[in-house]
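Trainee: Make a model of this:
(one chain, ligands or ions: 1)
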Amino acid sequence: MDLTGNVAVVTGASSGIGEAAARTLAREGCTVALAARREDRLEALADEIGAEKSLVVPTDVADEADAAALIETTRERLGGVDILVNNAGVARGDPVADADLRDLRRNVRVNLEGVMNVTHAALPTMLDAGSGDIVTVSSMSARFPQEGGSGYTASKFGVNGFCRSLRKELSDEQVRVTIVMPGPVVTELNDWDHWDGRALDPADVASAIEFVVSRPAHVEIPDITVNSTDKLG
Ligand SMILES: NC(=O)c1ccc[n+]([C@@H]2O[C@H](COP(=O)([O-])OP(=O)(O)OC[C@H]3O[C@@H](n4cnc5c(N)ncnc54)[C@H](OP(=O)(O)O)[C@@H]3O)[C@@H](O)[C@H]2O)c1
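Mentor: Predicted coordinates:
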């Protein structure tokens, strides 16, 4: 389905899966608000996509005011928010016994609270419009916990719980809520050098996101897992 005319907000668009998702959605016709903290990386992507199809909004999703400003700026400049891709994330991991508590909490602050902040800001716009897509990048860690990643795993279990509950709250609305659970993807977050298998490319996950948001309006894909054929979990 052609996505021309849709406005998408992609968090974590400065690298990895978010960058690939922004590129893919723009190619399919969306105008894309690019959100992350590294403005120079967002500007470079905007140059590639084209100024008329992109908007750079430097954002720390863990900051409630920043998240609200992201949505407000997108609404003002692009006229609405049809698609929200909650993708920004960190992976701060050490076994709990060795971990710095601030690192453990940082997973939750960015990965879970960041999703709450941006979703809470975007939802009224979608409800007013009577439609919308909220696609959140979780992880296979939310199904198969990895050792040494308890903070990350906790954040992604939380993300799945938040999204599933939100989906129920929106059962009478035309706003779709999808959880995308990637397996191993080669990005700055994890190069998978330690893993003896073929990892995914960010574009593989971007294709799944594009598939989800381009379904006809009556079709909702609640969860989608994108794994390597070499299997993780
Ligand atoms: N790589 C994998 O194997 C894998 C597997 C399953 C799920 N995931 C999930 O995929 C998502 C994207 O990760 P990735 O693998 O593409 O890693 P990545 O290349 O490191 O990208 C992470 C993105 O999140 C942004 N970000 C981090 N903290 C932020 C904050 N406080 N506010 C706004 N943006 C922030 C980063 O941008 P700035 O630093 O510029 O802010 C960056 O654009 C994450 O949610 C991750 O958990 C990854």
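
Trainee: ok, Val9 - contacts?
Mentor: Taking C-beta atoms under 8 Å, 6 or more residues apart in numbering, we find Val9 in contact with Val32, Ala33, Ala35, Leu70, Ile71, Thr74, Val81, Ile83, Leu84, Val85, Val118, Ala122. Quick note: C-beta positions are derived from backbone N, CA and C, even for glycine.

Trainee: Just the ones of these in helices?
Mentor: When DSSP state H is applied, the contacts of Val9 are split such that Leu70, Ile71, Thr74, Val118, Ala122 fall in helices.

Trainee: Now for these: which two are most distant?
Mentor: Thr74 and Val118 (10.5 Å; C-beta to C-beta).

Trainee: which bits of this protein sit near the ligand?
Mentor: 11-12, 14-18, 36-38, 41, 59-62, 87-90, 110-111, 137, 139, 182, 184-185, 187-190, 202 (C-beta under 6 Å from any ligand atom).

Trainee: Report the buried members of those residues.
Mentor: Buried by 16 or more other C-beta atoms under 10 Å: 11-12, 14-18, 36-37, 41, 59-62, 87-90, 110-111, 137, 139, 182, 184-185, 187, 190, 202, out of these.

Trainee: so of these, which ones are in helices?
Mentor: Going by DSSP H, the helices hold Gly16, Ile17, Gly18, Arg41, Pro202 from those.

Trainee: Spatially central residue for the chain, please.
Mentor: Geometric centre of the chain, nearest residue: Asn87, 1.9 Å, by C-alpha atoms, centre = their mean.

Trainee: mind checking pLDDT for it?
Mentor: Asn87 carries a pLDDT value of 98.

Trainee: same deal with Ala142?
Mentor: Reading off the confidence values, Ala142 has pLDDT 95.

Trainee: dump the residue contacts of the closest residue to Glu39 other than its chain neighbours.
Mentor: Using C-beta to C-beta, 6 or more residues apart in numbering and skipping the chain neighbours, the partner closest in space to Glu39 is Pro58 (4.5 Å). By C-beta under 8 Å, 6+ apart, Pro58 lies in contact with Ala35, Ala36, Arg37, Glu39, Leu42.

Trainee: Which of those residues fall within strands?
Mentor: Ala35, Ala36 (DSSP state E).

Trainee: what's the most distant pair in the contacts of Pro58?
Mentor: Going by C-beta to C-beta, the two entries of these that are most distant from one another are Ala35 and Glu39, at 10.4 Å.

Trainee: Please say which of these two ends up with more neighbours.
Mentor: Ala35 (32 against 15; other C-beta atoms under 10 Å).

Trainee: Identify the residue nearest that one in space, chain neighbours excluded?
Mentor: Thr59 is the one closest to Ala35 (C-beta to C-beta, 6+ apart), at 4.0 Å.

Trainee: Is it correct that the one you found is in contact with Ala65?
Mentor: No: using C-beta atoms under 8 Å as the test, Thr59 is too far from Ala65 to be in contact (10.1 Å).
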